[in-house]
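> sequence and predicted structure, then a few things I'm wondering about:
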Amino acid sequence: DAGVTQSPTHLIKTRGQQVTLRCSPISGHKSVSWYQQVLGQGPQFIFQYYEKEERGRGNFPDRFSARQFPNYSSELNVNALLLGDSALYLCASSRTVGDSNQPQHFGDGTRLSIL
Amino acid sequence: GEDVEQSLFLSVREGDSSVINCTYTDSSSTYLYWYKQEPGAGLQLLTYIFSNMDMKQDQRLTVLLNKKDKHLSLRIADTQTGDSAIYFCAEASGFNKFYFGSGTKLNVKP
């Protein structure tokens, strides 16, 4: 089975632009979470979606938004990009939510660079 | 909020054992996880432990949990150069939200 897939792998944008990142979960997984990993730090939780509904939100500004589609894939949108948004954006999927015994499986991420 | 702390670096010789430590603050954490990240890649799930367990062994990996002290460790036996990577400890509570430490960079010398 394919793992979590993310696209694109790399992206370069300028300040003020908008970006959309995409994620396809492992087959059978209904939950998708998004994380931001700044260089030298651990991943920071941004959003979690389950059955197309937002189930959790981290401490990120409203410039960050996401959605989940009927096929459980997801998009992360970031508006009005800032230099500080440069990071590796990771998507993770799990079968369900509500039980912390569901390991999250990560994709290889999208490397976003803001010039 | 949740706070997970790890030492930043660990250097060992090939064949030795590596022990990576982690402390966490959220007493409601039900599962604790270890992930490995190689350069340019995402996070690879290594193992996880339920909070009512003290120890879990999986081939070369041993996880020890001291719930009273909120201390978690990952022991890698017979460490190989291919084990060189950054290792992240994560706690999960509530709706499967994961909180990660800053990672421990393991360097294995031949």
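All right, it came through fine.
> what's the weakest-modelled helix or strand in the chain?
All of this is about chain A. Lowest mean confidence among the helices and strands of chain A (mean pLDDT, DSSP states H and E): strand A:53-57, at a mean of 89.
> my question was about chain B, not that one.
strand B:97-100 (a mean of 84).
> okay, now B:Q57: neighbour count?
The local packing of B:Q57 (other Cβ atoms under 10 Å in any protein chain shown) involves 12 other residues. Bear in mind the C-beta positions are built from the backbone N, C-alpha and C, glycine included.
> can you give me the end-to-end distance of stretch B:50-61?
End-to-end distance of stretch B:50-61 (Cα to Cα, to the nearest Å): 15 Å.
> what about it, near chain A?
Yes: counting by Cβ under 8 Å from any Cβ of the partner chain, chain A has neighbours in stretch B:50-61: B:F50.
> that stretch - what's its average pLDDT?
Confidence for stretch B:50-61, expressed as mean pLDDT, is 91.
> ditto for stretch A:92-103
Stretch A:92-103 comes out at a mean pLDDT of 76.
> and it, how far apart are its ends?
By Cα to Cα, the extent of stretch A:92-103 from end to end equals 9 Å.
> same check, this time on stretch A:105-115
End residues of stretch A:105-115 are separated by 30 Å (Cα to Cα).
> ok now that stretch, how far from the chain's centre?
9 Å (Cα atoms, centre = their mean, to the nearest Å).
> re the thing from before, give me the contacts around the least confident helix or strand of chain B.
Strand B:97-100 has contacts (Cβ atoms under 8 Å, 6 or more residues apart in numbering or on different chains) with A:33, A:35, A:42-45, A:48, A:56, A:58, A:92, A:104, B:2-4, B:24, B:26, B:33, B:35, B:88-93.
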